[in-house]
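K.L.:
Give me a model of this one.
(one chain, ligands or ions: 1)
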Amino acid sequence: MSLEQSVIFDERKDQIHRKGDAPFTMGCNRESLAGAVSQRACVFCGSRVVLYPIADAVHLVHGPIGCASYTWDIRGALSSGPALHRLSFSTDLQEKDVIFGGEEKLYKALVELIDRHAPAAAFVYSTCIVGIIGDDLNAVCARVSREKGIPVLPVQSEGFKGNKRSGYHAACKAMFQLMGKGSTEGISPLSVNLLGDFNLAGEIWIIREYFRQMGIETVANITGDGRVADIRRAHGAALNVVQCSGATMDLAKMMQETFGTPFLRVSYFGVEDMAESLYAVARFFLQRDPAIMDRTRALVREELAVLYPRLQEYRRALEGKKAAIYVGGAFKAFSLVKAFRLLGMQVVLAGSQTGTEEDYQELYEITDEGTIIVDDSNPLELSSFLKEKDVDIFVGGVKERPIAYKLGVGFCDHNHERKEPLEGFVGMLNFAKEVHSSVMSPVWRFVPRSIHRGKEPAFTESLFKAGAECRPN
Ligand code: SF4
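P.N.:
The predicted structure is shown next:
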């Protein structure tokens with residue numbers, strides 16, 4: 001029985017493409033197939049990951065406690081100041097609230113939290129059950145906002161009403177309500193907002209520093225290490241620089257429509273994309289500051305002089321190894337394909353949870369013949385692809401980690417739980433180090449996959465013998 005017959009549902013066949021097998025078409029941007037056990041998160045989770053790094057706001061999950069625990073501290077988003085985002089608040093809806101309604105409980109929870117923590121704003125997330133019982137979030141939030149004098153913003157993120165991408169949209173709509181409210185006085189004509197960077201392991205600080213060296217002011221971090229006051233004056237920035245196209249592109253479009261703020265799509269992962277992102281921003285400001293390109297070139301040159309010799313060492317060890325990528329947004333996959341190529345590695349599987357037709361077309365163009373391209377995959381498919389392609393490392397997020405480890409494959413967390421920054425030039429070096437230590441780790445000699453492949457049989461046998469000798473009689 002072929003792989004397609006054994007693990008791929010008929011309804012999903014057009015969401016998987018093997019480059020070189022047929023003319024490229026890709027089914028995507030649709031609801032997940034019921035029963036296929038998609039790797040996608042729910043709408044609520046999508047909105048929470050976008051808004052959560054706003055560190056001086058209260059984030060209150062209106063729903064059963066399970067929803068709050070599902071997303072608590074979901075990302076390692078660091079803050080340089082307040083850390084309210086690290087606390088997870090829930091109205092903990094019970095059976096009685098489901099029957100009689102949870103509005104009063106929500107009101108009391110909001111009042112208590114605002115009194116206790118004095119946040120700059122509050123976000124209230126709607127969950128599945130709230131959508132079902134019909135609590136009027138807007139009315140409660142408006143009442144508390146009036147009484148307490150801070151923005152209290154409902155996030156219409158009922159888990160069942162779409163996929164993670166709908167959650168991004170709900171988050172952008174909620175955040176947009178803050179915009180245009182703060183003073184833009186004193187903002188430099190060379191200024192940007194950083195959209196779609198969540199400051200995992202302090203990454204946004206690296207990027208802000210690059211822009212500072214180029215002479216550019218960062219007005220608002222949206223949303224890593226985010227502050228409500230900055231978001232309120234974000235409409236005063238000259239340009240929106242948008243990473244992770246899925247999460248905050250809707251916000252960039254709303255800002256363009258309402259305030260006329262142009263935007264650029266960028267990626268800070270890998271050498272090529274990081275350098276090109278800086279050059280693209282420099283080109284945008286070239287007329288206002290003709291010297292900006294020279295400063296940018298000098299910055300890139302200096303960083304590469306340190307980075308390249310060290311990358312070559314890793315490349316020598318990793319040349320010819322195989323990698324698989326399955327990430328949330330396809331934009332990250334583009335950068336990863338290029339980053340692996342720089343390390344001499346071959347990407348044999350590339351997929352995303354929320355890619356669009358244009359995203360997959362681009363992925364198709366930059367990948368090698370034979371690469372499997374997949375949209376909205378599930379554990380069964382991913383496991384089969386990893387086995388078929390016999391990969392050395394799998395790059396994904398928290399839900400992909402167990403798939404890799406169960407198969408005895410190296411794993412690189414490029415999402416929620418990473419502790420090392422992977423953005424910027426220094427991030428590329430960290431990435432190379434991590435890939436190298438995972439792929440070359442001796443631990444893989446002990447797992448069934450290597451034994452099946454017939455790798456290191458002598459070593460494995462000697463290990464078993466050594467184990468036998470150590471056993472007590
Ligand atoms: S919002 Fe719904 S789908 Fe999301 S975690 Fe809560 S119950 Fe689950």
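K.L.:
Q346: neighbour count?
P.N.:
Neighbourhood size, Q346 [other CB atoms under 10 Å]: 19. Glycine gets a C-beta too; all of them are placed from N, C-alpha and C.
K.L.:
Can you pull the domain assignment for this protein?
P.N.:
Domain assignment for the chain by automatic domain parsing gives 43-176, 191-302.
K.L.:
and the last one, how far out from the chain's middle?
P.N.:
Yep, that's domain 191-302 we're talking about. 17 Å (CA atoms, centre = their mean, to the nearest Å).
K.L.:
for it, how far is the first residue from the last?
P.N.:
23 Å (CA to CA, to the nearest Å).
K.L.:
for the record, mean pLDDT for it?
P.N.:
Mean pLDDT, domain 191-302: 96.
K.L.:
hmm, back to that, compare the domains of the chain and report which one is nearest to the ligand.
P.N.:
Proximity to the ligand (CB to the nearest ligand atom) singles out domain 43-176 among these, at 2.6 Å.
K.L.:
Ends of that closest one, what's the gap?
P.N.:
Chord length of domain 43-176, first to last residue, is 18 Å (CA to CA).
K.L.:
what do you get for stretch 402-422?
P.N.:
Using CA to CA, one end of stretch 402-422 lies 21 Å from the other.
K.L.:
S38 versus E31, what's the distance?
P.N.:
For E31, the distance to S38 equals 9 Å [CB to CB, to the nearest Å].
K.L.:
If you could redo that for I216, that was the one I meant.
P.N.:
Distance, I216 to S38, using CB to CB: 39 Å.
K.L.:
and if you look at R232?
P.N.:
Distance of R232 to S38, given as CB to CB: 36 Å.
K.L.:
same question, I133
P.N.:
26 Å.
K.L.:
And for the spatially most central residue of the chain, nearest residue in space, chain neighbours not counted?
P.N.:
For the chain, N415 is the residue whose C-alpha lies nearest the centre (CA atoms, centre = their mean; 5.4 Å). Spatial nearest neighbour of N415, chain neighbours left out: G397 (3.2 Å); criterion: CB to CB, 6 or more residues apart in numbering.
K.L.:
my guess is the one you found contacts C412, does it?
P.N.:
No - using CB atoms under 8 Å, G397 is not in contact with C412, being 10.4 Å away.
K.L.:
neighbour count winner among these two?
P.N.:
Between G397 and C412, C412 has the larger neighbour count (other CB under 10 Å), namely 23 against 20.
K.L.:
Wait, a helix at the more buried one?
P.N.:
No - per DSSP: H, G, I helix; E, B strand; the rest coil, C412 lies outside any helix segment and is strand.
K.L.:
Give the bridge partners for it, please.
P.N.:
Residues in a beta bridge with C412, per DSSP bridges, are V395.
K.L.:
how near is it to the ligand?
P.N.:
Plainly put, C412 is 26 Å away from the ligand if you go by CB to the nearest ligand atom, to the nearest Å.
K.L.:
Isn't that residue up against V435?
P.N.:
Yes - taking contacts as CB under 8 Å, C412 lies within contact range of V435: 5.9 Å.
K.L.:
Name the residues contacting each of the two.
P.N.:
Jointly contacting C412 and V435 under the rule CB atoms under 8 Å, 6 or more residues apart in numbering are I393.
K.L.:
Just want the residue of the stretch 251-400 of the chain that's nearest the ligand.
P.N.:
The ligand sits closest to K399 of the stretch 251-400 of the chain, with a gap of 13.5 Å, by CB to the nearest ligand atom.
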